[in-house]
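Undergrad: I would like to see how this sequence folds:
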Amino acid sequence: MSMSPESFDVEALRSRFPSLASGIAHFDGPGGTQTPAEVGEAIARTLTGPLSNRGRAISSEENAENAITAFRSAYADLLGVPSNGVVYGRSATQIAYDFSRHLSRDWGPGDEVVVTQLDHDSNVRPWVQAAERVGATVRWLEMNTATSELVLDDLDSVVTERTRVVAVTGASNVLGTKPPVRLIADRAHQVGALVYVDGVHYAAHTFVDVPALGADFFVCSPYKFFGPHCALLGAEPALLETIRPDKLLPSTNVVPERFEFGTLPYETMAGAAAAVDFLASLAPGSAGGRRDQLAASYEAMEKHEQILRDRMDAGLDALDDRITVHSHAQDRTPTTLLTFPGRRSWDAYPFLAERDILAPAGSFYAHEVFTALALDDQHALRVGLAPYNTVEEIDRLLNALDEFTSR
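TA: Below you'll find the model as predicted:
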């Protein structure tokens, strides 16, 4: 029986995921969600064809073209950007490395790039390494470990007339913190800097409006919200036109395809588009086009996830000093980082797994977060909720954590 708002039927949602019949309670959503049948079917249907390299002379070529068109249209609706501003990529890390190289071609000594302590390393290291390569300076927005939020008191002195790019997360993949991206973007734009937003964790939980965020570039990964393993970048086509990547001589120079190297994986793009349609279907009866339906689905998902998060937070509070919670931000996704005084988080991971509860331990590529929290030499347990989680699963997790910390 669903305990969510009437507009979100969690049991109906779960029935669309074959993998959930395993009985595993998945709290590993930040690392990648489970995949619904519709997405797998879209991949198989496209891959088994007829399918050829793209063209318009025969149906197998048209199927390839249509997969690309549908992908761009779907993510234009998801992000609120033009369809010709959607760039396909293998992963968010690959896209960050590509665009850090593209943009840094025009940097030199005296230029600056701003990164944050809250980010996944894929939105830190590519920019740091690009700056080092050309002699530019790296500036940092630091994290307050007591609040899990960025320290923005000195924003105006960190983001200056010398800043070329500000790279910031939409939401921390380990703490859940959602920094005020628009505030940071407004300051960056005042000085003529570009804003590159890692929205990988953000897009899994929050309706995306790239123009409202003030992001010049917004990156997300469909496998974090029911799709296959890939990523994409959304931007204004006019901005993409100003960027000249290295490319093969015969390959097109048209935006956005000038950034997509080699033959595209049509079946993956079809699965990623199906994930957007799946998201849009989660608030049945919502009116309007696909973007309106997505807005309604995200609203329903957020209400459901808030119910789960409130129950989990109350249960963790009841464990008192047996658990240390490191996620403190008021504005955050339903993702919580835990450690256990006197116990290794790495031991909690298999303890839970033996009970068919998956909440992984690790550092999850959040190198700067772990350094700031002085957790760089150990692991922590990440509990990340997804829309298919239930109240009953939350209770299973809390009971297992109680058992682990009572030993």
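Undergrad: which stretches of the stretch 201-350 of the chain form strands?
TA: Per DSSP state E, counting those that start in this stretch, the stretch 201-350 of the chain carries strands over the ranges 217-220, 231-234, 324-325, 335-339.
Undergrad: partners of the last one, with directions?
TA: Just to be clear, that refers to strand 335-339. Its sheet considered, strand 335-339 pairs with strand 324-325 (antiparallel), strand 380-384 (antiparallel) by DSSP bridges.
Undergrad: so which of those strands comes closest to residue 233?
TA: Among those, strand 380-384 comes nearest to residue 233, with 23.4 Å by CB to CB. No exception for glycine: its C-beta is placed from N, CA and C like everyone else's.
Undergrad: what lies in contact with the closest one?
TA: 27-31, 174, 312, 326, 333-340, 345, 348-349, 359-364, 370, 397 (CB atoms under 8 Å, 6 or more residues apart in numbering).
Undergrad: quick check: next helix or strand after it?
TA: helix 391-406 (DSSP states H and E).
Undergrad: and that following helix, how far out from the chain's middle?
TA: 27 Å (CA atoms, centre = their mean, to the nearest Å).
Undergrad: mind listing what's buried in it?
TA: Buried residues in helix 391-406, counted by 16 or more other CB atoms under 10 Å: 391, 393-394, 396-398, 400-401, 404-405.
Undergrad: also stretch 39-51?
TA: Applying 16+ other CB under 10 Å to stretch 39-51 flags 39, 42-43, 46, 51 as buried.
Undergrad: so what touches that stretch?
TA: Contacts to stretch 39-51, defined as CB under 8 Å, 6+ apart, come from residues 18, 59-60, 63-64, 67, 226-228, 266-268, 270-271, 273-275, 278.
Undergrad: tally of neighbours for residue 21?
TA: 9 (other CB atoms under 10 Å).
Undergrad: out of the strands of the stretch 201-350 of the chain, which comes closest to residue 22?
TA: strand 335-339 (22.2 Å).
Undergrad: kindly format the C-alpha coordinates of the closest one as CSV.
TA: C-alpha atoms of strand 335-339 as CSV (Å, rounded to 0.1, in the frame of the first residue of the first chain):
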residue,chain,number,x,y,z
THR,A,335,21.0,11.7,0.3
THR,A,336,22.8,11.3,3.6
LEU,A,337,26.4,10.5,4.5
LEU,A,338,27.0,8.5,7.7
THR,A,339,29.9,7.3,9.8
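Undergrad: just to revisit the earlier point, of the contacts of strand 380-384, which belong to helices?
TA: When DSSP state H defines the helices, the subset of the contacts of strand 380-384 inside them is 312, 345, 348-349, 370, 397.
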